[in-house]
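Undergrad: The sequence and its predicted three-dimensional model are supplied below.
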Amino acid sequence: MRLTGLIVPAALIAALVAAFLAWQPFSSITGDVPPVEELAVELTRLDASGIHVSVRAAGSLPMEVAQVQVDGAYRTFTIEPEGPIGYLGTAAVHIPYPWVTGDTHHLNIVTATGTTFEHEIAVAIATPETGGTTILTLLLIGLFVGIIPVAIGFAFYPAIQSFGEAGRNFAMALTLGLLLFLLVDTMGEALEVAEAAVGGLKADLLVWMSAAVTCLGLLAWGRRSGEPPRGAELALFIAIGIGIHNLGEGLVIGASIATGEVALASFLVLGFALHNVTEGIAISAPMRKERLTLLTLFWLALIAGGPAMLGTLAGAYATTPLWTALAFGIGAGAITQVVIEVGGLLWRTGADGAPQWRSAASMSGFVCGVAVMYVTAFIVHG
Amino acid sequence: MRLSEFAPLRQFLSRRRFLFTGLAAGGGLLPAASAAETTGPMHGAHGGAHEGRNSVVGSVDHDRNGFDPHEMLTDWEVGTVSQTDDGRTVREYNITAVDREIEIAPGVFFPAWTYNGRVPGPSLRASEGDLIRIKFANAGTHTHTMHFHGIHSARMDGVPGAGEVAPGDSFTYEFEAAPFGCHLYHCHSFPLKRHLHKGLYGAFIVDPDPARHLEYADVAQSRLLGSPDNARWQEFVMVMNGFDTNFDEENEFYAVNSIAFAYQDKPVRIEKERPVRIYLVNITEFDPINSFHLHANFFDYYDHGTTLTPTLKTVDTVMQCQAQRGIIEFSFADHEPGLYMFHAHQAEFAELGWMAHFEVV
């Protein structure tokens, strides 16, 4: 490869940028207008010393946090680092404040230009401290939401094994329904979280692109031998897709606990658990003909459910909307891959000479899959 | 489970709150004066250090602004004085409208429209019956006027069609100072809300002529700037205003004389033996009313300042709609020295900047 061929276009680009900056050809229209400012709160922590937020700025010029209101009153605060925040830079704002457990608090950050950025703390709850008990509780929530329901879903495996061709089609179509529901749900969550990130980060584009790259990469890897993945290998891919999705779910749950946006009641964890039992069924479905050991099932459960534990932990302490959106984007891509592969299996012609996807078993399986997800989703958000 | 309900955290929180309550109660036993000496006005009896304070952070550069809220309290603009042939006093004032960015709270800059580079504009002061001549030049980028609340002819009203001045032009308003009282002037170009909240307003005070009010000549004398009776008084002008810095038709900052929390951070000094008179004007845009509340004392109030006997006696709170104004008179002669709060008794306005202290010495 001739690197010299890149020199001319690179030099032309550099010349364009230099000329633009030196000449400023559009200063006559941009003139003396005030800078465009954007600011988002990414992390919120509440503790005995007050309210602590991490903000990310995206201004056309460096932005200065001049004053801070809490609940419509100016409050003393400190900011680290001091001084203006550059494009996509972050700063930590510490506000000593006697916040009230269970109440809603409103922040309003005033910049030097008088522009204001509001942020709501929906339900004020102390951010879990990084003690052993808290970490154990977060991991336990992850366990309940991820690994345990997937493992319970595996209990359907013996029943699936005993199915004939119609039963197999039903199970695979059911899986397809579950996965499609998850895909739509994951994409929805990804784009919702992306909106919370400051616009300059283009988190929504990142969601679509990371999904596309992940899907293509997994498709290529799954078909590296030339054949689409089948049986246990397909189950592994389904587990990977679901696992990344569960990482995102964990991040959201963890962040919700930390910011008090959801007062996470025990029954809500139960709701997530019931919802995710279906994931175990989805992983089992392609393995009808396999002889599986408990160890294999354990690994599959860990791959599909374990990331939820990592997610709750990271979400409670360290996640930002960008990373959560990225996790959901990758998850959506991974689920798309298995949707394509499971759909491919159903596309083939069956013993009766008709395409399997058109059979009554497939149709009813698909509808059942979507319906089960829809109904269990009520419990999660109820 | 709710993580906030972990027992160790709950105990920790309640212990801290108990400690804080104990400290605050102890502070309350100290005389106000020594509390002020030990902690300074910024840390007075209100708000513990570790729970933060209701205030802005930093300080405003008054030199860069070109005006200081403490000097504004007393810097009367009496104009250039001359006499007509028939012995009448003539006062000439030069006012120029200029666009100017001002710092209205530490680090917060507002693209204001100003009279003579300051918000509020100069506190114009005259005596009843004086001939007022105001040479108004517009060095701004929009048409402006000076509309006086007073008695004058239609031609001198300072509204579109009568004394509205295009950028680069000028106009001279001429009228007799009447009636005596506490008044104001402001721009009356349209859109009116924008021209007001951008900063084009100021106080216009007409002192009564004692010779015309023989039954209350002593009261009139005490209001007449320059008289020995008047010198005994501590007079302040306070224009209650607000700034909508993000242009959403709600104020982000409230103040008297523009700078949020200026008199909280540095109290207004009062000598306790001398009576106090405040010329209070409300020009706050977007909110229907504003108010003035004095702590630990009561005052007499003269609505519009157009009477020599109080219109409200012995009150500690008064409210004003936009452009309403009046004179407040009180004394701290019988009080112990210390910090005495005064503020809007809309807690919202107070916590957004209209919060202040008198330091009685």
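TA: Cool, got the structure.
Undergrad: for the spatially most central residue of chain B, helix, strand, or coil?
TA: By CA atoms, centre = their mean, chain B has its centre lying nearest to residue B:238, at 2.1 Å. With DSSP: H, G, I helix; E, B strand; the rest coil as the basis, residue B:238 sits in strand.
Undergrad: Isn't it up against residue B:262?
TA: No: with contact defined as CB atoms under 8 Å, residue B:238 does not count as touching residue B:262 (11.1 Å). Quick note: C-beta positions are derived from backbone N, CA and C, even for glycine.
Undergrad: List the contacts of the residue of chain A found nearest chain B.
TA: At 2.4 Å from chain B, residue A:114 is the closest residue in chain A, using CB to the nearest CB. Residues near residue A:114 by CB atoms under 8 Å, 6 or more residues apart in numbering or on different chains: B:108, B:109, B:110, B:243, B:245, B:246, B:252.
Undergrad: switch the cut-off to 6 Å
TA: Under the criterion of CB atoms under 6 Å, 6 or more residues apart in numbering or on different chains, the contact list for residue A:114 reads B:108, B:110, B:245, B:246.
Undergrad: Mind giving me the packing neighbours of the lowest-mean-pLDDT helix or strand in chain A?
TA: Ranked by mean pLDDT, DSSP states H and E, the weakest helix or strand in chain A is helix A:27-30, scoring a mean of 71. Judged by 3 or more CB pairs under 6 Å, 6 or more residues apart in numbering or on different chains; DSSP states H and E, helix A:27-30 is in contact with no other helix or strand.
Undergrad: Surely the residue of chain A closest to chain B is in a strand?
TA: No: read with three-state DSSP, residue A:114 is coil and lies in no strand.
Undergrad: what does chain A put close to chain B?
TA: A:48, A:66-67, A:72-76, A:96-98, A:101, A:110, A:112, A:114-116, A:125-126, A:128 (CB under 6 Å from any CB of the partner chain).
Undergrad: Check the residues you listed for burial and list the buried ones.
TA: Those of the residues of chain A next to chain B that meet the buried threshold are A:66-67, A:73-76, A:96-97, A:110, A:112, A:114-116, A:125-126, A:128, by 16 or more other CB atoms under 10 Å in any protein chain shown.
Undergrad: still on that earlier bit, run through the contacts of residue A:114 and flag the ones next to chain A.
TA: B:108, B:110, B:245, B:246.
Undergrad: Tell me which residue of chain B lies closest to chain A.
TA: Among the residues of chain B, residue B:245 lies closest to chain A, at 2.4 Å counting by CB to the nearest CB.
Undergrad: SS state for that residue?
TA: coil.
Undergrad: can you list the residues that contact the helix or strand hosting residue A:135?
TA: Following DSSP states H and E, the helix or strand that holds residue A:135 is helix A:132-145. For helix A:132-145, contacts defined as CB under 6 Å, 6+ apart pick out A:128, A:250, A:269, A:272, A:273, A:308, A:309, A:312, A:313, A:316.
Undergrad: if you set the cut-off to 7 Å instead, what comes out?
TA: By CB atoms under 7 Å, 6 or more residues apart in numbering or on different chains, the surrounding residues in contact with helix A:132-145 are A:128, A:249-250, A:253-254, A:269, A:272-273, A:276, A:308-309, A:311-313, A:316, B:3, B:6.
Undergrad: again, but for stretch B:342-361
TA: With contact meaning CB under 7 Å, 6+ apart, stretch B:342-361 is reached by A:72-74, B:41, B:54, B:105, B:240, B:253-256, B:260-261, B:263-264, B:267-272, B:290-295, B:317, B:332, B:335, B:337-341.
Undergrad: Distance from that stretch to the middle of the chain?
TA: 11 Å (CA atoms, centre = their mean, to the nearest Å).
Undergrad: what is the rounded mean pLDDT of that stretch?
TA: The average pLDDT for stretch B:342-361 rounds to 97.
Undergrad: Span of that stretch from start to end?
TA: The first residue of stretch B:342-361 is 16 Å away from its last residue (CA to CA, to the nearest Å).
Undergrad: Next one, pLDDT for residue A:362 please.
TA: What the model reports as pLDDT for residue A:362 is 89.
Undergrad: contacting residues around it?
TA: Here residue A:362 is in contact with A:169, A:173, A:346, A:356 (CB under 7 Å, 6+ apart).
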